[in-house]
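*Asks:* Predicted structure and sequence below. I'll ask about it afterward.
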Amino acid sequence: MCGIIGFTGYLDVKNVLLEGLEALEYRGYDSAGIAFFEQDGIKTIKTTGKVTNLCDKVEGTSINSTCGIGHTRWAKHGGVSYTNSHPHTFGNVTLIHNGIIENYHELETALAHQGKYPVSQTDTEIAAMLIDSLYDGDAIETIKKAIKQLEGAYAFCILFADQPDVIYCLRNGSPLVACKSKEGSVIASDMVALIKYSKEYFVLPELHIAKLTKDNIVVSNLEGAIIKPQMLFVKWDMTAARKGGYAHFMLKEIHEQPSSLRSTIMPRIRNGSLPDLTADGIPNEIFHGINRVLITACGTAMHAGLVGRVLLEKLLRIPVTVEIASEFRYQDPIMDESTLVITISQSGETADTLAALRLSNEKHAKTLSIVNVKGSSIARESNYVLYTHAGPEIAVASTKAYTAQLSCIYLLALQFALAKNAITEPECASFVSQLQSVTTAVENTLSLEKAIDEISSHLKETEDLFFIGRGLDYALSCEGSIKLKEISYIHSEAYAAGELKHGTLSLITEGVPVIALATQTNVYSKMISNIREVRARGAMVILVTNGEIAVDSSIYDYHIALPELDDLFAPFTTAVVLQLLAYYTTIHRGYNVDQPRNLAKSVTVE
Ligand code: AGP
C-alpha cells in the first residue's frame, strides 16, 4: 500500500527513484511522483497512473540531482488525481507519506485560522502544511513538535528547501527500512527497493527520526539521543525480486513453492525425524499452561489459520478459534496468560493484524507470530516469531507465503503436541516424514499446470462461481475463492458443502461452475452427495480429489486428481491447484495478474 523511496548520495537520483518505484509497483498504487533537489531548489514531477507514465514525463526533462524522494500513491483521502498525488509541497517542506493522518480535519481547521489552505484533498498535504508552519530552521525539533500533533499511522520522507541533499524520515505504524552503501543512503517502504544497494539494512524504529546524508544515516529518538538501530540481513538477492523468465510474479511464486517449503521446513527438523524450533527461540516451555489457542490474521493468512485450527484441535484436543483481525481488535476478546495467540502475516505490517497482536500483548496472552518479512512490526512485537522462509512475495495474490505459513503451523502443532505428550515421538516422526514429502507432492502437482490451464479456459466467461468443501477442504475453499476473485474479478463464494441447502443452492442453475474439493476421506461420501445436489441443478463441476479415486464420471465435468497424500497434508497440493486455477482464469480473461485493481500488497492502514 503506497511505496516510498528516498536517496541521497553519488548516483543520478532520477534513476534510483524510478527504479525504486518500479520495484515497489507490486504494492498497488494509482499515481506516482518524485521530488529532488536541483541547484535552484526542489523540483517535483508527478502523474496519475503507472510508473511508466512518470518515466515518460521524466524523460523529457533534464535532471541534475543526487538527492530526492519518490512515491507511489494508493488513493485513500481524496481521489486519484494529479493534485492529490505525492510529493506534496507547502512552503519550505516537500514530503511523501504512507499511512493516514486521522486528525487531519482538526489540523486543517487550525491551519485555516492561520490563513493556510490546502490545494489537494489529502491528509498528506495537511501534514506538509503543519510541518512547514512549525519549521524554524531546526528540522529535527520541528519534526518532534509535529509528532506531538499528528495522530494515526504514518511514514514520512521530508525535504526542507533550505537543507539541500538531506532527507529526514520518521514513522509511526507504517514501515520504513534503510541502508547505507558506497553509493549513498537509501530509505524505502520495503526491502525490495533497497536490495540493489545492500543486503544489510535496518528497520527505522517507531517514533524515531532518521537524517539521511550522502555518507551517513543518523537515527535519534524523541529525547534527542542517537541510537544504533539493529542491523538485519536478507538472504535473498535481486534475482528473487525479479520475474526470472516467468510471465508474472504470481506464476514464478507458485513455482517456487517446493523450494520455499523446503527452506521453511528442513532447518526445523532434528535428526531427520522430529520438529525443533529452539533455534527460532521457541522452547517447549512456552506451551506449558496453554489451554486455548487463538489465531488471528487477515485474508489469505487468516485462511492459513483455518487450516491451523483443524490441525491443532486434532493434535492437541484444546479449543482453537480463528478470528478475522479487523473484527477481533474491536471485540473485547477474552484471553489471558493461558491463551496462545498466533498471528499470521506475510508482510508483518498488516494494520489490523498488528492491532490484534498489540491487544493480545496488552491482555497478557502469549503471542507468537508466523511472519515472512524479517524485522517487520508484527515480528518485533510478538513474544515469539517463527519466520516463513518464502523469500520476497511480490504478486498481490499470496501463494508461496500461504503454503509456507501452513508448513510453519504444522511444525508448530507437532512441537506443541509433543511438548504436551499429546502424541508420541514415533507418531510425531511419521507426521514429520509426511510433512517432508509435501515438497515432492507440490512439485508433482505443478506438473498438472497444462491441464489446469485448459480447465480454466472454460471459466473465462463466468461471472459467479462457488467453491465447496468440508473440513480442511472448506478452509481451502475459502482460500481458492479469495485467490480467484482478487485477480480474475469473478464473483465467487466459498461454502461449507453441508450449508448449500440452507440458501446457496437457489443460486445453482444450469452451467454455474462449482469447484468441489473432496480430499478428506472422513467426509468423502457426504461431499459426493453434495456434488450430486449441485449437479442435479445443472452445475458445471470441477472436482478435486486426493489421488486417483474412481468416481462416477457423471457427477463432474473436469476432474483433477492430486498426488496422493495423507488427508491431513492435502491442503498443500490443493492450494497449488487453486492458485493455478486462479492464475490461468485471469490470464484467459486478460487481466493484470500481479497488480489487481484496488488492492495493495501490504495493507498498512485500517
Ligand atoms: C492474499 O492473496 C491477499 N492479497 C490478502 O488477503 C493478504 O493475505 C492479506 O492482506 C494479509 O496480508 P499479510 O499476510 O501481509 O498480513
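*Replies:* Noted; the coordinates are in hand.
*Asks:* Without its sequence neighbours, what residue ends up closest to Gln39?
*Replies:* Distances taken as Cβ to Cβ, 6 or more residues apart in numbering place Asn64 nearest to Gln39, at 7.4 Å, with adjacent residues excluded. Any C-beta I mention is one placed from the backbone N, CA and C, and that applies to glycine too.
*Asks:* So that neighbour lies in a strand, does it not?
*Replies:* No. Per DSSP: H, G, I helix; E, B strand; the rest coil, Asn64 lies outside any strand segment and is coil.
*Asks:* Now do it against the ligand, distance only.
*Replies:* Counting by Cβ to the nearest ligand atom, to the nearest Å, the gap from Asn64 to the ligand is 39 Å.
*Asks:* next one: phi and psi at that residue?
*Replies:* phi -130, psi 90 (degrees, to the nearest 10).
*Asks:* Would you check that it makes contact with Phe36?
*Replies:* No. Shown here, Asn64 and Phe36 do not form a contact pair, counting by Cβ atoms under 8 Å, at 9.2 Å.
*Asks:* more crowded one of those two?
*Replies:* Phe36 (27 against 11; other Cβ atoms under 10 Å).
*Asks:* Contacts only, for that one.
*Replies:* If you count contacts by Cβ atoms under 8 Å, 6 or more residues apart in numbering, Phe36 has them with 13-14, 17, 42-43, 63, 65, 67-69.
*Asks:* Same check on Leu357?
*Replies:* Counting by Cβ under 8 Å, 6+ apart, Leu357 touches 296, 341, 343, 367, 369, 378, 381-382.
*Asks:* Name the nearest of these relative to Leu414.
*Replies:* Ser369 (18.2 Å; Cβ to Cβ).
*Asks:* What is the neighbour count of Asp136?
*Replies:* A total of 8 residues lie near Asp136 under the criterion other Cβ under 10 Å.
*Asks:* and the closest residue to it other than its chain neighbours, what does it touch?
*Replies:* Nearest non-adjacent residue to Asp136, counting by Cβ to Cβ, 6+ apart: Thr142, 6.5 Å away. By Cβ under 8 Å, 6+ apart, the contact set of Thr142 is 131, 134-136.
*Asks:* ok, back up a step: format the contacts of Leu357 as a markdown table; extra columns: distance to the ligand and secondary structure.
*Replies:* Formatted as a markdown table, these follow (distance: Cβ to the nearest ligand atom, whole Å; DSSP: H, G, I helix; E, B strand; the rest coil):
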| residue | distance to the ligand | secondary structure |
| --- | --- | --- |
| Thr296 | 10 | strand |
| Val341 | 15 | strand |
| Thr343 | 9 | strand |
| Thr367 | 15 | strand |
| Ser369 | 10 | strand |
| Ile378 | 8 | helix |
| Glu381 | 14 | helix |
| Ser382 | 13 | coil |
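*Asks:* can you redo the residues you listed as a markdown table with pLDDT and neighbour count?
*Replies:* Below are the contacts of Leu357 laid out as a markdown table (pLDDT from 0 to 100; neighbours: other Cβ atoms under 10 Å):
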| residue | pLDDT | neighbour count |
| --- | --- | --- |
| Thr296 | 98 | 30 |
| Val341 | 98 | 26 |
| Thr343 | 98 | 30 |
| Thr367 | 98 | 26 |
| Ser369 | 98 | 27 |
| Ile378 | 94 | 26 |
| Glu381 | 94 | 18 |
| Ser382 | 97 | 23 |
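*Asks:* And the residues you listed, which two are furthest apart?
*Replies:* For the contacts of Leu357, the farthest-apart pair by Cβ to Cβ is Thr296 and Glu381; their separation is 13.4 Å.
*Asks:* interface residues of the stretch 451-600 of the chain facing the ligand?
*Replies:* By Cβ under 6 Å from any ligand atom, the residues of the stretch 451-600 of the chain that approach the ligand are 482, 486.
*Asks:* what about the strands in the stretch 451-600 of the chain?
*Replies:* Counting by DSSP state E, counting those that start in this stretch, the segments of the stretch 451-600 of the chain that form strands are 464-469, 491-496, 513-518, 540-546, 558-562.
*Asks:* circling back to that earlier point, need the per-residue pLDDT for the residue nearest to Asp136.
*Replies:* At Thr142, the model reports a pLDDT of 97.
*Asks:* got the buried residues for the helix or strand where it lies?
*Replies:* In the assignment (DSSP states H and E), Thr142 maps to helix 139-149. Neighbour counts over helix 139-149 (16 or more other Cβ atoms under 10 Å) mark 139, 142-147, 149 as buried.
*Asks:* Out of those, the closest to the ligand would be?
*Replies:* Distance ranking of these against the ligand, using Cβ to the nearest ligand atom, places Ile147 first at 26.2 Å.
*Asks:* quick one, what contacts that closest one?
*Replies:* 170, 172, 207, 222.
*Asks:* One more: Ala497?
*Replies:* With Cβ under 8 Å, 6+ apart, Ala497 has these contacts: 468-470, 473-474, 516, 526-527, 530-531.
*Asks:* ok, back up a step: between the buried residues of helix 139-149, which is nearest Leu412?
*Replies:* Of all the buried residues of helix 139-149, Ile147 has the smallest distance to Leu412: 37.8 Å, by Cβ to Cβ.
*Asks:* per-residue pLDDT, the closest one?
*Replies:* Listed pLDDT for Ile147 reads 96.
*Asks:* tell me the SS of His71?
*Replies:* Of the three states, His71 takes strand under three-state DSSP.
*Asks:* mind checking how far it is from Ile158?
*Replies:* In this view, His71 and Ile158 are 12 Å apart by Cβ to Cβ, to the nearest Å.
*Asks:* Of these two, give the one with the bigger neighbour count.
*Replies:* Between His71 and Ile158, counting by other Cβ under 10 Å, His71 is the more crowded of the two (31 against 28).
*Asks:* Can I get the buried ones among the contacts of Ala497 as something I can paste into ChimeraX?
*Replies:* In ChimeraX, this line selects whichever of the contacts of Ala497 come out buried by 16+ other Cβ under 10 Å:
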select :468,469,470,473,474,516,527,530,531
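*Asks:* And the contacts of Ala497, which two are furthest apart?
*Replies:* Tyr474 and Ile531 (14.3 Å).
*Asks:* pLDDT (mean, whole number) over stretch 488-499?
*Replies:* When pLDDT is averaged along stretch 488-499, the result is 96.
*Asks:* Only alpha carbons, please: show it as PDB.
*Replies:* Taking Å, rounded to 0.1, in the frame of the first residue of the first chain, the C-alpha atoms of stretch 488-499 are listed here in PDB:
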ATOM      1  CA  SER A 488      -9.900 -12.600 -12.100                       C
ATOM      2  CA  TYR A 489     -12.700 -10.400 -10.800                       C
ATOM      3  CA  ILE A 490     -15.100 -13.300 -10.900                       C
ATOM      4  CA  HIS A 491     -17.500 -13.200  -8.000                       C
ATOM      5  CA  SER A 492     -17.000 -16.300  -6.100                       C
ATOM      6  CA  GLU A 493     -18.100 -17.700  -2.700                       C
ATOM      7  CA  ALA A 494     -16.700 -20.500  -0.500                       C
ATOM      8  CA  TYR A 495     -19.300 -22.700   1.100                       C
ATOM      9  CA  ALA A 496     -19.200 -25.400   3.600                       C
ATOM     10  CA  ALA A 497     -20.700 -28.100   1.400                       C
ATOM     11  CA  GLY A 498     -23.300 -29.000   4.000                       C
ATOM     12  CA  GLU A 499     -24.600 -25.400   4.100                       C
END
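*Asks:* sorry, back to before: between the contacts of Ile147, which is nearest Pro283?
*Replies:* Nearest to Pro283 out of the contacts of Ile147 is Leu207 (Cβ to Cβ; 31.6 Å).
*Asks:* what are the phi and psi values for the closest one?
*Replies:* phi 50, psi 40.
*Asks:* right, and it touches Val219 too?
*Replies:* No. In this structure Leu207 lies outside contact range of Val219 using Cβ under 8 Å: 11.2 Å.
*Asks:* So which of these two has more stuff around it?
*Replies:* Val219 (19 against 13).
*Asks:* Quick check: that one vs Ile209, distance?
*Replies:* According to Cβ to Cβ, Val219 stands 7 Å off from Ile209.
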